[in-house]
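Build the 3D model from these lines:
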Amino acid sequence: MRMPTPKRAGAVVLTAALLTLVPPVTATAATAGPPGPARHYGEDVLRRDLAAVRQAGGGDVNVLARVDGTAGGPLMARIGTRTAGSAEPVPWNAHFRVASTTKTFTATVVLQLAAEKRLSLDDTVAHWLPGVVAGHGNDGSRITVRDLLRQTSGLYDYVDDPEIQDRLLHHFDENRYDTTPAAGLVAVAMGHPPLFVPERGGATRWAYSNTNYLLAGMIAEKAGGASWQELVERRVIDRLGLRDTSVPGLDPRLPDPHVNAYLTAPDGRRLDVTEHSLQHTADSGVVSTTADLDTFFRALAGGRLLPAAQWREMRRTVERTDDPEDVAEMPEGTYGLGLRKIPLSCGGHYYTHEGDGVGVNTRPAVSADGRRAVTVSITTTTAPPDLPALNRATGALVDHALCAGRSTGTG
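Sure, this is the predicted structure:
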């Protein structure tokens, strides 16, 4: 799920007084602000950028970053500890829930099915899921598969439902093992009117909604003849040999090694939110590592997962029109099919899809040619970070790493 603010706390944003425990720095990192783009991007610069990310995250988050596609092999940096109160550093190969970065995996599978003529991006939701998107002004006959993938359906985001918000904000412990299937969450969204209904031939309107990817996963299951988890595993994970990536479904545990995530409960106590099954659907359910995410995005941009026509379709972006919250958090860029397109300060652009989940924030990115990729993983120890500040810091890190790759000709 994408969970930027209490309004969108798709699994939990627990607000209260912050605890004062600050994990020690386990990789020497300067506290000065990030440098500008440089021809050389080595571990020293990465550490400085990562320190700026930690500062933007409130000063007490655990952070891990990896850059692949550099001439001398991968660059890595880390700050923080594996669990609260311990001295054990963040593992280099820590597993984490990628949250909404899952959407890129789901979109890839749907586009593969389109390439195989098992479905069309112009198919309507009503064609594949008759009667599912209906009521309160919702009309599945006016929404296409393309609308789902590029967030132009106008459908209500189930994460915003007041009852879901109350359960997650104020009753997380009682609901951490929730098993509501995708269809049940879509039904929650159908209890609300849409923000808009797409008009063919009219102006394209855009608003981020996790509901879109629940429906995309359900359509993929019908067209692909298997669960969306199996489709992602077979068509992406196994194909690329991503040994540290999985789709655990309702299993609430994270594979080892991992970093424990904490949030501050309404009563002021620190709550370990590492174990839960809330993120188990096609909008949020993948678990991975920085190394595997770099591999995935490089393979995607390098043409190893999609035929040229579908990769072009994925990169065909639209302006973000009806979601000021999204624009405030990510002021630059346009949105394609499960993929954001962000400009680089050195010219050109890169591709990404953020993931904001329960105590975790994921920021992957890949150069347009697929030669260089970087992933930043952030894990909270108290409260969720301020997302605009975090996005500025992670965006600077990504820009520095990818622009240096372009200037040296190595990425």
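
Every contact and neighbour count from this point should use C-alpha atoms.
OK.

and the longest helix for this structure?
With DSSP state H setting the assignment, residue counts place helix 387-408 as the longest helix in the chain.

now it, how far from the centre of its chain.
Here helix 387-408 is found 17 Å from its chain centre; the criterion is CA atoms, centre = their mean, to the nearest Å.

before we move on, what about stretch 210-220?
Using CA atoms, centre = their mean, the distance from the centre of stretch 210-220 to the centre of the chain it belongs to is 15 Å.

what's the average pLDDT for it?
The average of the pLDDT scores along stretch 210-220 is 98.

Over to the residue of the chain most remote from its centre. Which of the three states is it?
Relative to the centre of the chain, the most outlying C-alpha is that of G201, 30.8 Å out, by CA atoms, centre = their mean. Here G201 is coil, with the state taken from DSSP: H, G, I helix; E, B strand; the rest coil.

For it, report the pLDDT, please.
G201 is assigned a predicted lDDT (pLDDT) of 83.

So it versus R142, what's the distance?
Relative to R142, G201 is positioned 12 Å away (CA to CA, to the nearest Å).

Next: G333.
Distance check for G333 against R142: by CA to CA, it reads 26 Å.

Ok, P194 next?
Separation of P194 from R142 (CA to CA): 12 Å.

Check which helix or strand E275 maps to.
When secondary structure is defined using DSSP states H and E, no element contains E275, which sits outside every helix and strand.

mind checking how far it is from A107?
Separation of E275 from A107 (CA to CA): 27 Å.

Please say which of the two ends up with more neighbours.
A107 (27 against 15; other CA atoms under 10 Å).

okay but that one is in contact with R150, surely?
No - under the criterion of CA atoms under 8 Å, A107 is not in contact with R150, lying 9.2 Å apart.

Output the below-cut-off pLDDT ranges for the chain.
Under the criterion of pLDDT under 70, the regions of the chain flagged as low confidence span 1-39, 405-411.

how about a cut-off of 50?
Screening the chain residue by residue with the criterion pLDDT under 50, one finds the ranges 2-37, 407-411.

hey, where'd the strands end up in it?
Counting by DSSP state E, the segments of the chain that form strands are 62-68, 75-79, 96-97, 134-135, 138-139, 262-264, 270-272, 287-288, 334-335, 340-343, 349-352, 355-356, 360-367, 373-379.

the inter-axis angle of the second one versus strand 373-379?
Right, the one you point to is strand 75-79. Computed by axes from the mean of the first three to the mean of the last three CA atoms, to 10 degrees, the angle separating strand 75-79 from strand 373-379 equals 10 degrees.

C-alpha coordinates for strand 75-79, CSV please?
Included here for strand 75-79 are C-alpha records, laid out as CSV according to Å, rounded to 0.1, in the frame of the first residue of the first chain:
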residue,chain,number,x,y,z
LEU,A,75,28.1,0.5,-3.7
MET,A,76,26.5,0.1,-0.3
ALA,A,77,25.9,2.1,2.8
ARG,A,78,23.9,1.7,6.0
ILE,A,79,23.1,3.5,9.2
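
which strands and helices sit next to it?
With contacts defined as 3 or more CA pairs under 8 Å, 6 or more residues apart in numbering; DSSP states H and E, the secondary structure elements packing on strand 75-79 are helix 43-56, strand 62-68.

What strands line up against that strand, and which way round?
Strands that pair with strand 75-79, judged by DSSP bridges, come out as strand 62-68 (antiparallel).

Just the residues contacting the partner strand, thanks.
For strand 62-68, the external contacting residues (CA atoms under 8 Å, 6 or more residues apart in numbering) are 23, 50, 53-54, 74-81, 90, 92, 290-291, 294, 372-381, 401.

G348 - how many residues pack around it?
The local packing of G348 (other CA under 10 Å) involves 13 other residues.
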